[in-house]
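Participant: My questions concern the predicted model and sequence given below.
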Amino acid sequence: MDSRRPHEWNVTPQEAIRLQQELRARLMARDEGPTSFRTVAAMDVSYDKRSPWLFAAIVVVRLPGFQPVETATVQARARFPYVPGLLSFREAPAGLEAWGRLRTRPDCLICDGHGYAHPRRFGLASHFGVWVDLPTIGFAKTVLVGRFEPPGMRQGSMTDLVDAGEVIGAAVRTRGGAGPVFVSVGHRISLPTAVATILACAAGYRIPEPVRQAHALVNRLRKAGAEPASTGTQIG
DNA sequence: GCGACAG
DNA sequence: ATCTTGTCGC
C-alpha cells in the first residue's frame, strides 16, 4: 500500500494501459463511510489545442447551498497526449498539483471524466481517487463505453449504463428536458451514492454546480493566460 | 478492414 | 478540449 507515489507519470501509452490494469485492483467500488457529504469538490482541466499548457482547478463547496470553501489552480505543461481511455495520464498530473495546493480536505471529489465506466474500468476519476485516497465520482457529458436507454425526461430519472453485460454507471437526468449525464464510481463510493451526490449538486443546470464552478474558474484562468504559474484561494 | 472514441 | 452566429424554446 505505498499510497505515496504509486507510479511515474512519464510513461508510454502501452505502459499507461499496463498501469491501469495493475491499479484497478485497488479500486473500491463501495461506500466506506458517510453516504452524504458536507463538502464536495470538483476538478476540471482546460487547455488550448495549440498551447503546451494545461490549466487545472479544484473548487470545494459546502452542501447544501454550494457556498465556496476553497479553490486551487495551477498551470502545468502537458506531458501526455489526449488518447481515449488514457485521459488520466494527460490530466491527472495537473489536477494533482492543484490538489497539493488545497488546504481543505473535501469529503468527496467529482472528476470531469469517467471512473469505472471505462474500457478497463479505471478512468480518470478512479485513478485520481486511488492516488489521493478520497471518495471520487466519475462525471461525463458523453459516453466512452457502454450502452443505455434514454432515461425519463424528468429531473432525477436514470437508467443503467451497461457494457459487456455489466452495469458500469448510470445515465442521469440532472435537468428536465436536457440531455443526460453519465455518472460512475470513481473510488471508495457506491454507484447509488455517486448518483445521489450528483443529483444533490444539480442546481437547475445539466452540469453539477461544483463542476460548473471549477469549469468557470479554469477557463477564467486560461483566458487570462500568461505565466502566473499558479494561484490559490482560501475562502472564509 | 471499419467505426468509435471521456477531455 | 476549443473554435463560434444564429436560432429554437421556455
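Facilitator: That came through fine.
Participant: I'd like to check which residues are in contact with the closest residue to DNA strand B within chain A.
Facilitator: Per Cβ to the nearest atom of the strand, A:G123 is where chain A lies closest to DNA strand B, at 2.9 Å. The way it works is simple: take the backbone N, C-alpha and C, and place the C-beta from them, glycine included. By Cβ atoms under 8 Å, 6 or more residues apart in numbering, A:G123 lies in contact with A:87-88, A:113-117, A:138, A:144, A:184.
Participant: Need those residues in CSV (columns: neighbour count, secondary structure and distance to A:D31).
Facilitator: Shown next, in CSV, are those (neighbours: other Cβ atoms under 10 Å; DSSP: H, G, I helix; E, B strand; the rest coil; distance: Cβ to Cβ, whole Å):
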residue, neighbour count, secondary structure, distance to A:D31
A:L87, 23, helix, 25
A:S88, 27, helix, 23
A:G113, 28, strand, 21
A:H114, 33, coil, 19
A:G115, 34, coil, 14
A:Y116, 28, coil, 14
A:A117, 28, coil, 18
A:G138, 32, strand, 15
A:L144, 21, coil, 24
A:S184, 31, strand, 15
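Participant: Quick check: closest non-adjacent residue to the residue of chain A closest to DNA strand B.
Facilitator: A:H114 (3.8 Å; Cβ to Cβ, 6 or more residues apart in numbering).
Participant: how far away is that neighbour from A:S126?
Facilitator: 8 Å (Cβ to Cβ, to the nearest Å).
Participant: burial count for A:G85?
Facilitator: Around A:G85 there are 18 other residues, counting by other Cβ atoms under 10 Å.
Participant: Output stretch A:175-194 as CSV, nothing but the C-alphas.
Facilitator: Output in CSV follows, covering the C-alpha atoms of stretch A:175-194 (Å, rounded to 0.1, in the frame of the first residue of the first chain):
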residue,chain,number,x,y,z
ARG,A,175,-32.1,18.7,-15.6
GLY,A,176,-35.5,18.1,-17.0
GLY,A,177,-35.5,18.2,-20.8
ALA,A,178,-31.7,18.4,-21.1
GLY,A,179,-29.6,15.5,-22.2
PRO,A,180,-28.5,13.0,-19.6
VAL,A,181,-25.0,13.0,-18.0
PHE,A,182,-23.1,9.9,-17.1
VAL,A,183,-22.1,9.0,-13.6
SER,A,184,-19.9,6.2,-12.4
VAL,A,185,-18.0,5.1,-9.4
GLY,A,186,-14.6,6.7,-9.0
HIS,A,187,-13.2,5.3,-5.8
ARG,A,188,-14.4,4.5,-2.3
ILE,A,189,-18.1,5.1,-3.2
SER,A,190,-21.1,3.1,-4.4
LEU,A,191,-22.9,3.9,-7.6
PRO,A,192,-26.1,4.9,-5.7
THR,A,193,-24.2,7.3,-3.5
ALA,A,194,-22.4,8.7,-6.5
